[in-house]
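> Test case, fold it:
(one chain, ligands or ions: 1)
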Amino acid sequence: MPETREKVAGRRYSRQREEVLRVVRNANSHPTADWVYEQVRKTLPRVSLGTVYRNLNLLADEGLIQRVILDDGVMRYDGKTRAHHHFICSKTGKIYDVEFNLCEDLLEKFNAQTGFKATRYKIEFYGSEE
Ligand SMILES: [Zn+2]
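Down below sits the predicted model:
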């Protein structure tokens, strides 16, 4: 039975999605959409920037990657979905993952003192590497 056009298109979309996910997960940095686009183009030369954006958003909405917005307001993507913090070097702009348990009951303390019902938090450290 010949494949339907939808099936062929569906496979192309999932291939693009998988490639976007692979690039973000393998990146040691916290890449921007433009950087991800340049990498994905190496294996899928016909991919568009819009497609890369759409897939990044879908993957982030599904929790497979995280969006990271720092002081500069630039959207970056993080393949590490486990809870972690970031250290940003003000000289080089490099972003480091920091797995450091600040305070185990921070959420409980926060909720108790504010009356909010926070379920997660993000903390960024800024400074110099040296
Ligand atoms: Zn990170």
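> what does the domain assignment say about this protein?
According to automatic domain parsing, the chain is divided into the following domains: 1-79, 82-130.
> Pick the most buried one from those domains.
Among the domains of the chain, ranked by average contacts under mean count of other CB atoms under 10 Å, first place goes to domain 1-79 (a mean of 15). The way it works is simple: take the backbone N, C-alpha and C, and place the C-beta from them, glycine included.
> Can you add mean pLDDT and distance to the ion and give the domains of the chain back as a markdown table?
Converted to a markdown table, those look like this (pLDDT from 0 to 100; distance: least, CB to the ion, whole Å):
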| stretch | mean pLDDT | distance to the ion |
| --- | --- | --- |
| domain 1-79 | 89 | 4 |
| domain 82-130 | 87 | 4 |
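> Doesn't Val40 belong to a strand?
No - looking at Val40 with DSSP: H, G, I helix; E, B strand; the rest coil, it is helix, so not inside a strand.
> Contact partners for it?
Val40 makes contact with 16, 19-20, 23, 47, 52, according to CB atoms under 8 Å, 6 or more residues apart in numbering.
> now stretch 91-106, how far from the chain's geometric center?
Mean-position distance between stretch 91-106 and its chain equals 16 Å (CA atoms, centre = their mean, to the nearest Å).
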